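Colleague: No letters, just coordinates:
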């Protein structure tokens, strides 16, 4: 099923501002008598400024840089919020662009692609592949072939304060986060066990991840049903195998040839953390808006945490572990636990236990833990 067939497109005008008054002017200065240090600082500022681009006809945003020209949900809301001390308008646009491109069913885009890059890749409005939607009113592509992380709710919430506490923006953010959370629970608990699922490698931004590839997890999944469902990608078909399990071919890892080798859906600590982080932010927004829903969202967030403790937390090993399609624990200790902490999903006791057992003891350190929190964490 191609996403073009889905009811889509933002409930907002792409050119309609969400903030009704002038934004504050910010800036950073740094002066030192150390010429070498000043040169390094000036170079860093100049290089960062190069990543501020005209992304749509009406919006400049900060892209990731380093050769990555798209706007990813896993990085750019956070990157934008970090840039607010230098340019509030750009920082706010890094949030608003995801609000304005959400689907009518609530799902937020995994990434956004400029018209220029889309044309270079042969993915213009006349040649839009599955999993991509051409946004005519914004001259860009929205990508829905995965989730690609969710470092969005907290950064977008913080931008409310940077932007002068505009209530229109905050209400639109509330609607966006609520819609995406509803989408998660409507689609990603396919077996009804209370644990949300990852359906492909890109859902958690773990590109080239051997833990997932060796279990036959697809690279991307532009379907609204989990792997193994009728009408979705089938690894028995070579063309579909190359299309949906592409990283196996890139990395010379044997791709699955039967559905029995595909151990997705994966009961996922990451996707649960997405919901937890979104719900905790909804509680904060509710308090600010005075809509009477703060306790509701706090309780809903706690439900997520309790499902994780019951279903994914291993008390003996003091860590969370994903489970494969058959309910089998995937025993690798992973940095994904650190991601869960970042979203606030672990209790203090859980966080202390994980760090004590896997990061703080000589000889038992989580190997290269800091480095393993990958570029897309």
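Modeller: Sure, I can see it. Just so we're clear, the structure is a prediction, and the values are computed from it rather than from any experiment.

Colleague: Below-threshold pLDDT in this protein: ranges please.
Modeller: 1-21, 362-377 (pLDDT under 70).

Colleague: For it, just list every one of the strands.
Modeller: Here the chain has its strands, by DSSP state E, at 52-56, 59-62, 71-72, 111-114, 132-135, 140-143, 197-198, 266-267, 313-314, 319-320.

Colleague: which one of those lies closest to residue 124?
Modeller: With C-beta to C-beta as the measure, strand 132-135 is the member of the strands of the chain nearest residue 124 (7.5 Å). C-beta: built from backbone N, CA, C; applies to glycine.

Colleague: Give the partner strands of that closest one in its sheet and their orientations.
Modeller: strand 140-143 (antiparallel) (DSSP bridges).

Colleague: for the partner strand, the distance to its chain's centre please.
Modeller: Remark: strand 140-143 is offset 15 Å from the chain centroid, using C-alpha atoms, centre = their mean, to the nearest Å.

Colleague: so where do the helices sit in the stretch 1-150 of the chain?
Modeller: 35-50, 76-82, 88-99, 115-120 (DSSP state H, counting those that start in this stretch).

Colleague: between those, which one is nearest to residue 151?
Modeller: helix 76-82 (4.7 Å).

Colleague: what comes into contact with that closest one?
Modeller: 61-64, 90-95, 98, 151-152, 155-156, 158-159, 162 (C-beta atoms under 8 Å, 6 or more residues apart in numbering).

Colleague: Quote the end-to-end distance of stretch 121-133.
Modeller: 14 Å (C-alpha to C-alpha, to the nearest Å).

Colleague: Could I get the buried residue list for that stretch?
Modeller: 123, 128, 129, 130, 131, 132, 133 (16 or more other C-beta atoms under 10 Å).

Colleague: Distance check, the fourth one against residue 233.
Modeller: Put plainly, it is residue 130. Residue 130 sits 10 Å away from residue 233, going by C-beta to C-beta, to the nearest Å.

Colleague: Report the set of residues contacting both of these two.
Modeller: Shared contacts of residue 130 and residue 233 (C-beta under 8 Å, 6+ apart): none.

Colleague: Turn the helices of the stretch 1-150 of the chain into a markdown table, including mean neighbour count and distance to residue 201.
Modeller: Formatted as a markdown table, the helices of the stretch 1-150 of the chain follow (neighbours: other C-beta atoms under 10 Å; distance: least, C-beta to C-beta, whole Å):
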| stretch | mean neighbour count | distance to residue 201 |
| --- | --- | --- |
| helix 35-50 | 11 | 29 |
| helix 76-82 | 23 | 20 |
| helix 88-99 | 24 | 21 |
| helix 115-120 | 16 | 22 |
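
Colleague: Need those in CSV (columns: distance to residue 257).
Modeller: Converted to CSV, the helices of the stretch 1-150 of the chain look like this (distance: least, C-beta to C-beta, whole Å):
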stretch, distance to residue 257
helix 35-50, 45
helix 76-82, 37
helix 88-99, 37
helix 115-120, 33
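
Colleague: Where do the domain boundaries of the chain fall?
Modeller: Following automatic domain parsing, the chain resolves into domains at 3-154, 197-266.

Colleague: so which of the ones you listed gets nearest residue 184?
Modeller: domain 3-154 (8.6 Å).

Colleague: Same list (the strands of the chain) but as CSV, adding distance to residue 227.
Modeller: Shown next, in CSV, are the strands of the chain (distance: least, C-beta to C-beta, whole Å):
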stretch, distance to residue 227
strand 52-56, 33
strand 59-62, 33
strand 71-72, 23
strand 111-114, 21
strand 132-135, 20
strand 140-143, 19
strand 197-198, 10
strand 266-267, 10
strand 313-314, 25
strand 319-320, 22
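
Colleague: Figure out which of those is closest to residue 225.
Modeller: Closest among those, once you apply C-beta to C-beta, is strand 197-198, at 11.4 Å.

Colleague: Give me the helices and strands touching that closest one, please.
Modeller: If you count contacts as 3 or more C-beta pairs under 8 Å, 6 or more residues apart in numbering; DSSP states H and E, strand 197-198 packs onto strand 266-267, helix 269-289.

Colleague: hmm, back to that, out of the domains of the chain, which is closest to residue 287?
Modeller: Of all the domains of the chain, domain 3-154 comes closest under C-beta to C-beta, at 14.4 Å.
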